[in-house]
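Chemist: I'll drop the sequence and a predicted model, then ask my questions.
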Amino acid sequence: MKKTAKKRPTDEFSTLLLKWNKEKNTRDMPWKGEKDPYRIWLSEIILQQTRVEQGLAYYERFIAKFPTIKDLAAAPDTTVFKLWEGLGYYSRCRNLLVTARYISSDLNGVFPDTYDDIRALKGIGPYTASAISSFAYNLPHAVVDGNVFRVLSRIFGILTPIDSTEGKKYFTELADELLDKKNPGLYNQAIMDFGAVVCKPALPLCPTCVYNKDCYAYLEHKVNELPVKEKKTSIKKRWFYYLLIEHKGKLAIRQRTGKDIWNQLYEFPVIETTAEQETAALIDMAEQQEWIIPDKYSLSFVSPLFKQQLSHQLIAGRFISIKADRSGKLPAGAAWVSKKEMAEYPFPKFINQFLEKRDAIDQTLF
DNA sequence: AATCCGGGGTA
DNA sequence: TACCCAGGATT
């Protein structure tokens, strides 16, 4: 039996972390200790840029409806998007389907078990590949997520911006050095729990923290300045005027396509502008589009102003209800659906918040 | 290297 | 409001 290697400075970090984890960490989550790579993968995709509290219910619903990756792979797109509805970042859902179908068909349902093969899957980047390979297969890859950036920058006093190329490289290398190579899964889980519970973004629990005797940020009173981020988000305003065109008891909807927000979700025919518009001007535009035919419709309702704040955009707009006696042209790909059928389609939050209030606003609306 | 992609919680 | 969250893809 070889003697233990000489203790390096960085060993102290993981020793304290695992000690905290064993003695103080009471955080419990359904995927903790999970070994089924499908469940681990699903939880990680759901949790990308998403708080545990927000993603939890989605995870439970997905597992209940799709117990195995083949169940997920066999589901229609719309069914899966409907289950994802409201969670945001819908490209995750698209990539989830692509990967589920690839593994089911090409890999006979067997999840890849090396870091590189996992990393190559759609929707899986460095973080998720490290998480899956360490949790499912105990491979020595350190996770670097928002928690890790925060914990390491504060304790070690790293001032390099975390959203710079240099910063990402530096933090990744440090994280891999610090990783307990014998317990990668346990270590990775512990550091993220620690960041979420103790070394929180706001009001971290420094007075009782196991690192407070030598934490750079705590000793230098820079806890609130770390981690450093260099880019500020700029927000642009967009106006969405949705036309609820009703004809023979049905409403026109279409699927969003392209590279814009809410790709693959559904919506009503929309007139988008960069400034607020009067209803009359919008009706004119709808006539010019030939969505409605002059004298063959009646304007029945204009909603109050609705707003939604996204990360990089502020969406404002109204819902304009029109009863059409004759059907005009519709936007490409649009179809007529009944109220009952509407429930099957995934809509963005902006539309759902209107649909939920619709009955309270006007009982006569579709 | 910069930008885009949601929705919700918190101070 | 501004910032952050178990990030990744695209340009």
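Modeler: All right, it came through fine.
Chemist: tell me how far the host helix or strand of residue A:193 is from the chain's mean position?
Modeler: Using DSSP states H and E, residue A:193 sits in helix A:184-197. Relative to its chain's centre, helix A:184-197 lies at 20 Å (Cα atoms, centre = their mean, to the nearest Å).
Chemist: And the next helix or strand past it?
Modeler: Counting by DSSP H and E, the next helix or strand C-terminal to helix A:184-197 is helix A:216-219.
Chemist: average pLDDT across the helix or strand following that next one?
Modeler: Later in the chain than helix A:216-219, the nearest helix or strand by DSSP H and E is strand A:236-247. Mean pLDDT, computed over strand A:236-247, is 95.
Chemist: Spit out the contact partners of residue A:131.
Modeler: Residue A:131 is in contact with A:40, A:44, A:143, A:188, counting by Cβ atoms under 8 Å, 6 or more residues apart in numbering. Glycine gets a C-beta too; all of them are placed from N, C-alpha and C.
Chemist: Pull the helix holding residue A:193 out as CSV, backbone CA atoms only.
Modeler: Extracted in CSV, the C-alpha atoms of helix A:184-197 (Å, rounded to 0.1, in the frame of the first residue of the first chain):
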residue,chain,number,x,y,z
PRO,A,184,-16.0,13.2,-8.6
GLY,A,185,-19.8,12.7,-8.4
LEU,A,186,-20.0,13.4,-4.7
TYR,A,187,-17.6,16.4,-5.0
ASN,A,188,-19.5,17.9,-7.9
GLN,A,189,-22.8,17.6,-6.2
ALA,A,190,-21.3,19.0,-3.0
ILE,A,191,-19.9,22.2,-4.6
MET,A,192,-23.1,23.0,-6.3
ASP,A,193,-25.1,22.5,-3.1
PHE,A,194,-22.6,24.6,-1.3
GLY,A,195,-23.0,27.4,-3.8
ALA,A,196,-26.8,27.2,-3.7
VAL,A,197,-27.2,26.9,0.1
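Chemist: name the helices or strands packed onto it?
Modeler: Applying 3 or more Cβ pairs under 8 Å, 6 or more residues apart in numbering; DSSP states H and E, one finds that helix A:184-197 contacts helix A:11-24, helix A:126-137, helix A:146-156.
Chemist: what would the ones you listed look like in a markdown table with distance to DNA strand B and mean pLDDT?
Modeler: Listed next are the helices and strands packed on helix A:184-197 as a markdown table, based on distance: least, Cβ to the nearest atom of the strand, whole Å; pLDDT from 0 to 100:
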| stretch | distance to DNA strand B | mean pLDDT |
| --- | --- | --- |
| helix A:11-24 | 20 | 95 |
| helix A:126-137 | 13 | 98 |
| helix A:146-156 | 11 | 98 |
